[in-house]
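> here's a sequence, model it:
(one chain, ligands or ions: 1)
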Amino acid sequence: MGKIYKTLIFDGEASLSVLETTDVVNTAIKYHKLTPVCAAALGRTLTATAFMSTGLKNEGDRLSVTIKGNGAGGTIITSCDSKLNVRGRIDNPFADAPLKQNGKLDVAAIVGNEGYMTVVKSMGLKEPYVGRCDLVSGEIAEDFAAYYAYSEQQPTAIALGVLIGKDGKCVGAGGVVIQPLPGCSETNISKIENEISRFANVSGLISEIGGKGICEKYFGEYSFEEYHTEYKCNCSKKYIDGVLLTLGKEELLDTIKSVGKVEVNCEFCDKKYEYAEEDVLKLFEL
Ligand SMILES: [Zn+2]
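Below is the predicted model:
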């Protein structure tokens, strides 16, 4: 279970979120068999998405993030709901890249530094909100900061990190996000960048002391609210039914004739949906 800790800092003029998403990233690794560098790319995106989910206030609200860059991993898609459930996928989970000179995973090689990020928020009856901005570095944190600045006019300082162990499992993932609230003083705004620079190695800190440890060690004077976030897919038979209906009856029956069944795998989780001839016929009766 991932955790999100939130509080107000700097005389109540800025919001702080500390995220611990190690379990979320490990579930993604389990479903998608990610290489370490893909786990870092998707894991950072899932962590930022988990942060964004805390801004969804009403049941049924959802948002999705698409990062379409020119890197080896292809497109990354994540989504979340107001219950802080997140899920995600990457086109090429087996893509790899040599380590950077400083020994770190080269996330930008997987994501690419040219392309764009799109955020779609579906909230209630209104038309979905769509925000889009160009990628800055492909390192994810800077790209999300740029998205907030350009699309939402919300200054945002953000540190994200994913640390992968020798066995390919995630040993520490998370992030720190600080956003000034409207009316934040110049003095406090200038403190934010300095504050976030203490979390350049946030994944290492998470692996050592956890998200709660970061709150206590660096922000001990504040009291935090704690939330849970989880990698959880919301796919359903009803959704897959809808996808099959767009394919057409004849094509599905042809598939069943040649391989005995129609099998659909959810692209976000391991779930398999199987349809025999009678299921297909029933589907098109409605
Ligand atoms: Zn699924």
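> please make it C-alpha for all contacts and neighbour counts, starting now.
Fine.
> how close does the residue in the stretch 1-150 of the chain that the ion sits nearest to get to residue 262?
Closest to the ion within the stretch 1-150 of the chain is residue 87: 8.5 Å, counting by Cα to the ion. Computed with Cα to Cα, to the nearest Å, the distance linking residue 87 and residue 262 is 24 Å.
> got it, and residue 80?
Separation of residue 80 from residue 262 (Cα to Cα): 28 Å.
> compare the two (neighbour count), which wins?
Neighbour comparison, residue 80 and residue 262: the larger count goes to residue 80, with 30 against 20 (by other Cα atoms under 10 Å).
> residues contacting that one?
Counting by Cα atoms under 8 Å, 6 or more residues apart in numbering, residue 80 touches 49, 50, 53, 62, 63, 64, 86, 87.
> swap in 10 Å and give it another go.
46, 49-54, 56, 61-65, 86-88, 121, 229-234 (Cα atoms under 10 Å, 6 or more residues apart in numbering).
> what helix or strand is the residue most central in space within the chain on?
Nearest residue to the geometric centre of the chain (Cα atoms, centre = their mean): residue 46, 1.9 Å. Element membership of residue 46 [criterion: DSSP states H and E] is helix 36-53.
> buried sites along the following helix or strand past that helix?
Next in sequence after helix 36-53, counting helices and strands by DSSP H and E, comes strand 62-69. For strand 62-69, a neighbour-count test (16 or more other Cα atoms under 10 Å) marks 62, 63, 64, 65, 66, 67, 68, 69 as buried.
> got the angle for strand 62-69 vs helix 36-53?
140 degrees (axes from the mean of the first three to the mean of the last three Cα atoms, to 10 degrees).
> helices along the chain, start to end?
Using DSSP state H, the helices found in the chain span residues 22-32, 36-53, 107-111, 141-151, 186-196, 202-218, 237-247, 249-259, 277-285.
> near the ion, anything from the first one?
No - contact check for helix 22-32 against the ion, using Cα under 5 Å from the ion: none in range, with a minimum separation of 9.8 Å.
> show me which positions of that helix end up buried.
Across helix 22-32, burial judged by 16+ other Cα under 10 Å covers 22, 23, 24, 25, 26, 27, 28, 29, 31, 32.
> and what of the fourth one?
When burial is assessed from 16+ other Cα under 10 Å, helix 141-151 yields the following buried residues: 141, 142, 143, 144, 145, 146, 147, 148.
> which helices and strands sit right next to that helix?
The contact analysis (3 or more Cα pairs under 10 Å, 6 or more residues apart in numbering; DSSP states H and E) places helix 141-151 against helix 36-53, strand 115-122, strand 129-134, strand 157-164, strand 170-180.
> okay, how far is it across stretch 177-197, tip to tip?
With Cα to Cα, one end of stretch 177-197 sits 11 Å from the other.
> to clarify, my last question referred to stretch 25-42.
Start and end residues of stretch 25-42 are separated by 8 Å (Cα to Cα).
> for that stretch, what is the distance to the chain centroid?
Centroid displacement of stretch 25-42 relative to its chain, using Cα atoms, centre = their mean, to the nearest Å, is 12 Å.
> how is this protein partitioned into domains?
2-231, 237-285 (automatic domain parsing).
> including mean pLDDT, could the ones you listed go into JSON lines?
Shown next, in JSON lines, are those (pLDDT from 0 to 100):
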{"stretch": "domain 2-231", "mean pLDDT": "96"}
{"stretch": "domain 237-285", "mean pLDDT": "91"}
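> so of those domains, which one's packed in deepest?
When those are scored by mean count of other Cα atoms under 10 Å, the highest mean neighbour count falls to domain 2-231 (a mean of 20).
> what does this protein have sitting close to the ion?
233, 235, 266, 268, 269.
> ok, now which ones touch the closest residue to residue 145 other than its chain neighbours?
Among residues not flanking residue 145 along the chain, residue 156 sits closest, at 5.4 Å (Cα to Cα, 6 or more residues apart in numbering). By Cα under 10 Å, 6+ apart, the contact set of residue 156 is 15, 141-142, 144-149, 177-180, 192-193.
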